[in-house]
Structures are given as structure tokens and as C-alpha cells.
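Engineer: Quick check, what structure comes out for this input:
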Amino acid sequence: MEELEMTLLEGEERMDNSIKSYQRELTTVRTSKASAALLDSITIDYYGVQTPVKQIAAISIPEANQLYIKPYDKASIKQIESAIYASTLGLTPQSDSTGIRLVLPKMTEERRKELVKQVGKMEEGAKVAIRNIRRDLNEEIKKLELPEDNEKIALEDVQKLTDKKIVEVEKVTEEKNKDLMSI
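Structural biologist: Presented below is the predicted three-dimensional model:
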């Protein structure tokens with residue numbers, strides 16, 4: 001039975017990690033408020049190594065709809081600018097001699113709806129990850145060769161855990177969509 005408990009705990013931990021990963025992924029979806037997390041996916045070739053912008057620059061939020069990127073090495077301003085242009089953020093960087101300002105335009109209703117769809121796809125990916133963990137747990141439980149009744153109860157426990165984690169993903173999505181649709 002101790003082996004079963006460990007299997008269930010490990011499975012729950014894996015599901016929790018999937019939810020945390022989903023939450024991190026959601027930070028890259030732009031809302032109407034500026035957030036340094038928007039730049040998490042942007043990297044530049046910094047002395048031969050792909051480096052995230054947040055590691056080579058100070059990122060501040062001077063106003064609710066602005067980000068200011070101040071690289072530690074001013075020579076990297078052009079590279080950061082190019083990386084922002086090439087990204088899917090759809091923002092136009094404005095550089096001065098010391099840094100780059102990003103002004104987040106007001107989001108249109110159409111853009112908000114596009115982002116809600118994008119979040120929906122991310123949500124489905126998170127749910128699939130949790131269901132895959134459920135499948136793995138079910139296989140591990142069957143390998144334990146438990147008595148039939150105990151195996152059935154354990155499989156039901158896995159399904160309850162899966163349902164609970166799917167609801168958590170849905171709550172996270174609901175929060176993000178509410179944030180996206182608020183003006």
C-alpha cells in the first residue's frame with residue numbers, strides 16, 4: 001500500500017507541475033496591463049548564446065501600459081529591438097540611447113477574442129498533459145498487482161484527482177479570460 005501512496009503522490013505532484021507550467025505559459029499572453037513576463041519568450045544571440053532578454057536587461061513598468069527595457073550592455077539594444085520585432089507580440093519598440101520603450105496599445109475587442117482563443121488552446125494542452133499523467137498513473141497502478149477491489153479504488157482515486165486538477169486548470173483559464181476581457 002505504501003507503494004500505491006507514493007505513486008499517487010508523485011502523480012499529484014506531476015499534475016501540479018503541469019498546472020504551474022500552464023500558468024507560466026499564460027504570462028506570455030498579453031493583457032491590457034504591462035507585465036515583464038511578456039518578454040519571457042524573447043531571446044537574443046548574446047556572445048554566441050541564446051539568452052533571454054530578462055537576463056541581460058533591467059525591465060521596468062513606468063506606466064500601466066508601458067515596459068522599459070534597459071540593457072546592461074548598450075551594444076545589445078539593436079538585437080533586442082530586432083527580437084521584439086520578430087516576436088509574436090506585435091509591439092513596436094522605441095529606442096533611445098539607453099533603452100527600449102514598449103507601449104502596449106489598447107486592445108480591440110477582436111484582439112481580445114483572438115487571445116481568448118489562444119488561451120483556450122493552451123488550456124487544452126494543459127488538460128491533455130494532466131490526462132497523460134492519469135494514463136501513466138493507471139498503468140503504474142496496474143503493474144502493482146493489487147487485489148482487484150483495491151486496484152479499482154485506486155483507479156477511481158486517480159480519476160478524482162484528475163477531475164480536481166482539470167477544474168483547477170479551468171479556474172486559471174477563467175481568471176485569465178476575465179483579465180483579457182476587462183478594459
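
Engineer: Counting neighbours, what do you get for residue 61?
Structural biologist: Neighbourhood size, residue 61 [other CB atoms under 10 Å]: 13. All C-beta spots, glycine's among them, are computed from the backbone N, C-alpha and C.

Engineer: Kindly report the same for residue 15.
Structural biologist: Neighbourhood size, residue 15 [other CB under 10 Å]: 24.

Engineer: Check whether it sits in a helix, strand or coil.
Structural biologist: Following DSSP: H, G, I helix; E, B strand; the rest coil, we place residue 15 in the helix state.

Engineer: For residue 161, see how far away it is.
Structural biologist: From residue 15 across to residue 161, the span is 7 Å (CB to CB, to the nearest Å).

Engineer: Just name whatever secondary elements the lengthiest strand in the chain is in contact with.
Structural biologist: Longest strand in the chain, counting residues (DSSP state E): strand 66-71. Counting contacts by 3 or more CB pairs under 8 Å, 6 or more residues apart in numbering; DSSP states H and E, strand 66-71 is packed against strand 57-60, helix 77-86, strand 100-103.

Engineer: Confirm residue 62 sits in a helix?
Structural biologist: No - counting by three-state DSSP, residue 62 is not part of a helix but coil.

Engineer: wait, residue 168 sits on residue 19?
Structural biologist: Yes - the criterion here is CB atoms under 8 Å, and residue 168 meets it with residue 19 at 5.7 Å.

Engineer: Tell me who's in contact with the spatially most central residue of the chain.
Structural biologist: Geometric centre of the chain, nearest residue: residue 25, 1.2 Å, by CA atoms, centre = their mean. The contact partners of residue 25, taken as CB atoms under 8 Å, 6 or more residues apart in numbering, are residue 122.

Engineer: which element is it on?
Structural biologist: Per DSSP states H and E, residue 25 falls inside helix 2-26.

Engineer: Next, the buried residues of that helix.
Structural biologist: By neighbour count on 16 or more other CB atoms under 10 Å, the buried set for helix 2-26 is 4, 7, 8, 11, 12, 14, 15, 18, 19, 22, 25, 26.

Engineer: For the fourth one, which non-adjacent residue is closest in space?
Structural biologist: It refers to residue 11. Excluding its sequence neighbours, the residue lying closest to residue 11 (CB to CB, 6 or more residues apart in numbering) is residue 137, at 4.2 Å.

Engineer: quick one: that neighbour is in a strand?
Structural biologist: No - Residue 137 is assigned helix when assessed by three-state DSSP, not a strand.

Engineer: I figured it hits residue 12, correct?
Structural biologist: No - here residue 137 does not reach residue 12: they are 9.1 Å apart, not a contact under CB under 8 Å.

Engineer: quick revisit: return the distance of the longest strand of the chain from the chain's centre.
Structural biologist: 21 Å (CA atoms, centre = their mean, to the nearest Å).
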